[in-house]
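In: quick one, fold the following:
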Amino acid sequence: MPTSERVTVTLPTEVVRDIDRIEKNRSKFVLEAVRHELRRRRREELRRSLRSPHPESAQLAEAGFDEWASGLPTDDAAELVNMEAGTPVRWLPGEGWVEVKK
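Out: Model (predicted):
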């Protein structure tokens with residue numbers, strides 16, 4: 001169950017009247033408005049970040065993925081993961097992950 005906190009917000013009388021004409025539940029209206037504004041501000045922050053990315057991000061984008069990937073360790077993945085050590089599983093809709101019988 002989500003937790004809530006009580007806050008006191010002071011609004012001009014005419015704004016409260018406008019809210020009451022649209023929505024009986026003031027808290028619900030204010031919550032929806034605040035969530036909408038938070039989403040708007042996050043999108044704006046993302047746009048601002050994309051307009052002036054972190055210098056390392058810009059360098060990575062300029063270098064390109066292939067160049068970046070060529071700098072990764074070339075160790076064989078077989079040395080990192082023992083494919084025989086795990087339990088084979090598969091996904092079944094409605095059931096989830098189930099063990100595959102050998």
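
In: helix, strand or coil for W97?
Out: On the three-state scheme (DSSP: H, G, I helix; E, B strand; the rest coil), W97 is labelled strand.

In: which one is it nearest to, not counting chain neighbours?
Out: Counting by C-beta to C-beta, 6 or more residues apart in numbering, W97 lies nearest to V89, which is 4.7 Å off, once chain neighbours are set aside. Any C-beta I mention is one placed from the backbone N, CA and C, and that applies to glycine too.

In: from V100, how far out is that neighbour?
Out: 6 Å (C-beta to C-beta, to the nearest Å).

In: then E37?
Out: From E37 to V100 the distance is 49 Å (C-beta to C-beta).

In: ok, R26 next?
Out: R26 sits 55 Å away from V100, going by C-beta to C-beta.

In: do R39 as well
Out: Distance of R39 to V100, given as C-beta to C-beta: 42 Å.

In: again, but for H36
Out: To V100, H36 is 47 Å away according to C-beta to C-beta.

In: what does S70 give?
Out: S70 is 36 Å from V100, by C-beta to C-beta.

In: spatially central residue for this structure, please.
Out: Nearest to the geometric centre of the chain sits R42, at 11.0 Å (C-alpha atoms, centre = their mean).

In: what's whichever helix or strand that one is part of packed up against?
Out: Assigning secondary structure by DSSP states H and E places R42 in helix 26-51. In terms of contacts (3 or more C-beta pairs under 8 Å, 6 or more residues apart in numbering; DSSP states H and E), helix 26-51 is packed against helix 13-22.

In: for the helix it packs on, C-alpha coordinates in PDB please.
Out: This file holds the C-alpha atoms of helix 13-22, laid out as PDB (Å, rounded to 0.1, in the frame of the first residue of the first chain):
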ATOM      1  CA  THR A  13      -9.500  31.400  -3.600                       C
ATOM      2  CA  GLU A  14     -10.400  31.600  -7.300                       C
ATOM      3  CA  VAL A  15      -8.000  28.700  -8.100                       C
ATOM      4  CA  VAL A  16      -9.700  26.500  -5.400                       C
ATOM      5  CA  ARG A  17     -13.100  27.400  -6.900                       C
ATOM      6  CA  ASP A  18     -11.900  26.500 -10.400                       C
ATOM      7  CA  ILE A  19     -10.600  23.200  -9.100                       C
ATOM      8  CA  ASP A  20     -13.900  22.400  -7.300                       C
ATOM      9  CA  ARG A  21     -15.800  23.000 -10.500                       C
ATOM     10  CA  ILE A  22     -13.800  20.400 -12.300                       C
END
